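S.K.: Here's my sequence, what's the structure:
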Amino acid sequence: QAQLVESGGGSVQTGDSLRLSCTASGYGFSNNAMGWFRQSPGEEREFVATISRLGDDTLLATFVRARFTITRDNAKNTLYLHMNNLQPEDTAVYYCARSIHRATLSPNRYEYDLWGQGTQVAVSS
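M.R.: Just a heads-up that it's a prediction; the model follows:
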């Protein structure tokens, strides 16, 4: 059974860094582009970043472009989100997701067909 499991969230202070991980199992991880999304209470789930299946192309949301990086290690079936200079507005549950595409980078959450359970990130000022 295909699944995604996130880890690495936590409570940090403004300016701190975190690295989120997402481990995939039950399917061919390197066959699909992957993405990160986040959701705050009362808000829509929003796009954060996506990476092509080989990791050679990425797309990041404007509001994180200078601070976050998305990478993947296909040998470890793991996706990462490296977050630097975290701000209180980054507080959210972060989800990894499998894209329906192999190389196309899409910010549309409806083009992702497998989701993890989420990991909480809380940033205090």
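S.K.: Make sure Tyr112 is actually in contact with His101.
M.R.: No. Between Tyr112 and His101 there is no contact under C-beta atoms under 8 Å: 9.3 Å. Placement of C-beta: from N, CA and C, glycine included.
S.K.: what ranges do the strands span in this structure?
M.R.: 3-7, 10-13, 18-25, 34-39, 46-51, 58-60, 68-73, 78-83, 92-99, 112-115, 119-124 (DSSP state E).
S.K.: Kindly reformat those strands as JSON lines and extend each row with distance to Leu105.
M.R.: As requested, those are exported to JSON lines (distance: least, C-beta to C-beta, whole Å):
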{"stretch": "strand 3-7", "distance to Leu105": "18"}
{"stretch": "strand 10-13", "distance to Leu105": "28"}
{"stretch": "strand 18-25", "distance to Leu105": "17"}
{"stretch": "strand 34-39", "distance to Leu105": "8"}
{"stretch": "strand 46-51", "distance to Leu105": "5"}
{"stretch": "strand 58-60", "distance to Leu105": "4"}
{"stretch": "strand 68-73", "distance to Leu105": "10"}
{"stretch": "strand 78-83", "distance to Leu105": "14"}
{"stretch": "strand 92-99", "distance to Leu105": "8"}
{"stretch": "strand 112-115", "distance to Leu105": "12"}
{"stretch": "strand 119-124", "distance to Leu105": "22"}
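S.K.: now those strands in CSV, with mean pLDDT, mean neighbour count and distance to Ser106?
M.R.: Shown next, in CSV, are the strands of the chain (pLDDT from 0 to 100; neighbours: other C-beta atoms under 10 Å; distance: least, C-beta to C-beta, whole Å):
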stretch, mean pLDDT, mean neighbour count, distance to Ser106
strand 3-7, 98, 17, 17
strand 10-13, 98, 13, 29
strand 18-25, 98, 19, 17
strand 34-39, 98, 24, 8
strand 46-51, 98, 22, 7
strand 58-60, 97, 18, 8
strand 68-73, 98, 18, 14
strand 78-83, 98, 22, 15
strand 92-99, 98, 23, 6
strand 112-115, 98, 17, 8
strand 119-124, 98, 17, 22
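S.K.: Determine which residue lies closest to the centroid of the protein.
M.R.: Centroid-nearest residue in the chain: Trp36, 2.3 Å away (criterion: C-alpha atoms, centre = their mean).
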